[in-house]
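S.K.: missing the sequence, but the structure's below:
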């Protein structure tokens, strides 16, 4: 679709309000989804690292107990 000037582009033949609101709502939804995924991933990685450290401590403690050592 060809537009004569920038104003007619934003007006979209009288439907500009609906077009730009739906575009903005979609862009905002995608941004929120991306941010949620980013922070969820960061939280999950932190939890995984904590769990790995916990498992390593448990393994060391179990090896000490098997060797008859006291803590």
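M.R.: Structure's in. What do you need? It should be emphasised that the depicted structure is a prediction, and the values quoted were computed from it without experimental measurement.
S.K.: avg pLDDT for the strand or helix carrying residue 27?
M.R.: Assessed by DSSP states H and E, residue 27 sits inside helix 16-66. Helix 16-66 shows a mean pLDDT of 94.
S.K.: quick one, what contacts residue 19?
M.R.: Shown in contact with residue 19 (CB atoms under 8 Å, 6 or more residues apart in numbering): residue 12. (Each C-beta comes from the backbone N, C-alpha and C, glycine too.)
S.K.: do that again at 10 Å, thanks
M.R.: Applying CB atoms under 10 Å, 6 or more residues apart in numbering, we find residue 19 in contact with 10, 11, 12, 13.
S.K.: go on, residue 24?
M.R.: Residues near residue 24 by CB under 10 Å, 6+ apart: none.
S.K.: which residue of this structure lies farthest from its centroid?
M.R.: Residue farthest from the centre of the chain, counting by CA atoms, centre = their mean, is residue 68 at 46.7 Å.
S.K.: look at it and tell me its secondary structure.
M.R.: Of the three states, residue 68 takes coil under DSSP: H, G, I helix; E, B strand; the rest coil.
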